[in-house]
Each structure stands twice: as C-alpha cells, then as structure tokens.
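Colleague: would you be able to build a 3D model of this:
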Amino acid sequence: MALFSILIVKLITTYLGVEGYGKYAAIYEYLAFFGIAADLGLFTISVREMAKEDTQEGKEHVLSNVLTLRSILCLVVLAIAIGLAYLVPQYRDLHFGIVIASAAVFLSILQSTVSSMLQVHLKMQYASLAQVVGKAVALSYMAYTVFYGFTEPSLAGFYNLIFAGVVGNIVLLMITFLFAIRYGKIRFGRDWGYIKRVLLRCLPYGIALVLNMIYFRMGSILLLVMKGPVDVGIYSVPMRILEILSLVPVFFMNSVLPILTRHIKEGTDRVKDILKYSFDFLFMAAVPMVIGAFILAYPIVFVISSEEFLSRLDEGFYGSDIALKFLMVAMMIAFINSLFIYSIIATSHQNKLLWINGSCAVFNVALNLMLIPELGFRGAAIAAIATEVLLLILASTVARRYLEFTFSFETIWKVLFSGIAMGLVVWGLRDWSYEIMQNANILVLVPIGGIVYAGMMMLTKGVPKELIELVRR
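Modeller: Numbering: from 1, shown residues only. You can find the predicted model right below:
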C-alpha cells in the first residue's frame, strides 16, 4: 500500500506540478469532511457491536442494517457536499472533479462496511489484500493516463487521474465482498427500529469524528483560502505520507478492538496486558519512522514527488521536506493517541470524544488562523503538533477513568536506543551514499535502517513474546 501510494504521489506531482497537485489535493481534503460525516463512526461501532454478538445471525443482523444506514447517509451527505462546493469560490472551478471523487468516496465507505465482517472474524489479511489490488488498479489507470492517454498536462488528464480512484475502489469493493461472504451473508437490512437506535448511539462519536477531521484537515483548507494552491501542494505531499502511515494504528487498533471489547465485557485480567502490548507495538512502529524521516526528509520528498517540492533555502523557499519533519512529530503522537481513543470506544464511552475532539478542533482552527498568515504551511504543521499534544492530554485523562494502563519503561528505552542506533547508521551513510546515488540513496538507506532497527530490537530483546503472540492472533 505504501509503495503504490508513493508511486501515485510521484506520478501526480510530476505530471501536475505544485499548483496542479494543490488543486487535486484540495478536492480530497474537501470531501474528507463529508466522508467522515457520512461514515459517522459506524465502522468502528459496528465492529464493536458485532464483537458483542455471540451468534452468526446476530453479527449479520448488525452488519446488514449498518450497511443500509451508511449507504443512505453517504448518498445524502455527498449530495450536500457537491451542492455546497458550487457555492464556495475556491472550489467552484473544481466542481466536476468533486463530483467524480464523490463516487470514489461512496465506494470506499461501502467497502469499509463490508470489511467489518472480516474485521470481527480477525481476517483482515483479506481486506488488506483487497486494498493492495485496488490501489494497484488505480495506479495502473493513472500510469496509462500520464504516459499514454494525456501525455501533456490537461484538464482531461486531471479528471482522469481523479477517475482512477473510482476504478480502483470498484475493484476494492468487489474483492472485499467476495472474501466477506465466506464468513457471513452480506445484504441490506430493513430493521428500522434497530437502525434508529444505532444512529442515535453513533451520533456523538460521529460528530466527534467530524471534529477530529476538522483539526486534521483544517490546515489544508485554510491554506487554500488564505495562501492558495501552491502552499496546499507543498503541504499535501507529506500529508499523503501521513495518510499512508496512519493505516498502521488504524488497522492495528481495529483488529485489537474486538478482542479488547470482549475481555472488557468478560472483566478478565487480560485487558491490562492488551493495552500494554498495544502501546508497545504502536511506539515501536512510530519511533523509527520519525527518526528516519528527520534524517531522510529531503530524499524522501525527492523520490515521491519532484524538485519543485523541495526546499531552496538560499532562495528563502521552504518545501515539503520541512513540512514532513514537522508532521512526523504529529504522527508519532497520533499513533499513541489511537490507543486511548479506541480504549474509550471499547468501554462504550465514545460520547466523551465529542467534547475532546470539539476542544481540539476549536484550538486547531484558532491556532491555524494565527499562524498561517505569517508562516504558511509551517504554521499549519505547528498547529497540527500542538493539537495532537492537546488530544493526548485529554484522551489519556478520560481513558484512565475507565481502564488501568501500565507501560513498560524498559521497552520504551530499548525502542529509543534501537531507534537512535538506526539513526546514527543512516546519518553516517547518508552523505557518502549521496555521492554515489544522489537522492536515490533512500532506496538503500531505508532497508539498511530497517535491518539495523530490527537487529537492535532483537539484541536488546525489546519485543516481548506476549506481544508477538498478540499480533499473530
């Protein structure tokens, strides 16, 4: 997924340039708000509710009615999104692109609903396979557009790049459906009483997710309004990287959620262990990413985009490599935040997320309005870090009211030691390898860094056996 997504960013940024890519990214940033509103947190809630059901019929009843609810919500919300886009001057010229991208969002939401059957049965390897194939199809369509269909940048080429997402999501939905029906019936439900109850139950969490999306995406939206598509393009390259990496905590915690919910319901002592090892996994995943990004930000951006997006400090131009360093710090904090957020959901206190995310959204908007006029995308990145810190404080405080969290400081130090060792090796090889391979040295340095980190974790015994067993399950 990461490889295909990087290739997609490379294709689009090279073909469209900074301003064109800014417009492309602005379409999906805009629809992200409405996509979350259409989702309303129903995927996570449906996984939790299905995990509580002891019978297959009960699981199918939950899924069928959630599928109906999400489909109706999606059609209504996306229709509103298309209508509002025509009224916003900055999006009026992008209106047709928004219409095309809306179809991709609708298909994605249907797919995630169907995949909850795989999630609750802990068969997410099939959903992952579908994601990879769907992304590969989208990439193939984009490559055809750039190299054969519309070799020169044009409006038709721009729209075909957006349509590639629709084609990829059609394949994604079909493959997910074929795997999911092995574990239960997939159909639309008509239990309107249950649908109403689920809607009311999800509403606080759904609004919280919309507020979460506000502080996650507001930087890009305000950049478009206050600075223009060039700043959006610069900021969106590292944002695409973050979207790729954010799949790690989402997939992992969604897989942990059914197990965590079950043990909370049964009141077993395993809850404390699950939380501890989940933190260990998320911390182990985040640390090398942040250290590696700080050392290799410049070649990373070069490989996945083009020279237009790189900093030229002698000219006073700050590029995507600078934004990447800022945003990777925010991403590391977001990894840890996911543990506390999903813990709150597992205890059925998702309504608490309403005021938590609301506070973060207000804080983020205010900070963006203060910083963007002077600092541009750097201000948006700083606001993102500050907001994640605030979320960490609020979410951890609430989660600790309902669950007991214990952390292994021995594991934390082993992870940090291994990450620093990896960083020193990569930093030592960076300049030497640049003389031979220029910015393509990242293709060698990343695997070397991964080997060094894994080796140090093994030498220090930083990965508990219990964590390996939890991941396997």
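Colleague: list the helices and strands the helix or strand harbouring A380 packs on?
Modeller: In this structure, A380 sits in helix 377-402 according to DSSP states H and E. Helices and strands touching helix 377-402, by 3 or more C-beta pairs under 8 Å, 6 or more residues apart in numbering; DSSP states H and E, are helix 192-226, helix 229-245, helix 320-346, helix 352-375. The C-beta positions use only the backbone N, C-alpha and C, and glycine is treated the same way.
Colleague: what mean pLDDT does the next helix or strand after that helix have?
Modeller: Downstream of helix 377-402, the first helix or strand assigned by DSSP H and E is helix 409-437. For helix 409-437, mean pLDDT rounds to 87.
Colleague: of all the helices and strands packed on helix 377-402, which one is nearest A25?
Modeller: Closest approach to A25 among the helices and strands packed on helix 377-402 (C-beta to C-beta): helix 229-245, 3.6 Å.
Colleague: dump the closest one to PDB, keeping only the CA atoms.
Modeller: Taking Å, rounded to 0.1, in the frame of the first residue of the first chain, the C-alpha atoms of helix 229-245 are listed here in PDB:
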ATOM      1  CA  PRO A 229      -2.900  26.100  -4.100                       C
ATOM      2  CA  VAL A 230       0.900  26.300  -4.100                       C
ATOM      3  CA  ASP A 231       1.100  26.100  -0.300                       C
ATOM      4  CA  VAL A 232      -1.600  23.400  -0.400                       C
ATOM      5  CA  GLY A 233       0.500  21.400  -2.800                       C
ATOM      6  CA  ILE A 234       3.700  21.700  -0.700                       C
ATOM      7  CA  TYR A 235       1.800  20.700   2.500                       C
ATOM      8  CA  SER A 236      -0.100  17.900   0.800                       C
ATOM      9  CA  VAL A 237       2.900  15.800  -0.100                       C
ATOM     10  CA  PRO A 238       3.800  15.000   3.500                       C
ATOM     11  CA  MET A 239       0.100  14.700   4.300                       C
ATOM     12  CA  ARG A 240      -0.100  11.900   1.800                       C
ATOM     13  CA  ILE A 241       2.800  10.200   3.600                       C
ATOM     14  CA  LEU A 242       0.900  10.600   6.900                       C
ATOM     15  CA  GLU A 243      -2.200   9.100   5.400                       C
ATOM     16  CA  ILE A 244      -0.300   6.100   4.300                       C
ATOM     17  CA  LEU A 245       1.400   5.600   7.700                       C
END
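Colleague: who are the packing partners of that helix?
Modeller: helix 2-39, helix 192-226, helix 270-304, helix 320-346, helix 377-402.
Colleague: among these, which comes closest to M458?
Modeller: Closest to M458 of those is helix 270-304 (C-beta to C-beta; 12.2 Å).
Colleague: for the stretch 1-150 of the chain, which spans come out with low pLDDT?
Modeller: For the stretch 1-150 of the chain, the stretches with pLDDT under 70 are 90.
Colleague: need the helices for it, in chain order.
Modeller: 2-39, 42-52, 56-85, 89-92, 95-120, 124-144 (DSSP state H, counting those that start in this stretch).
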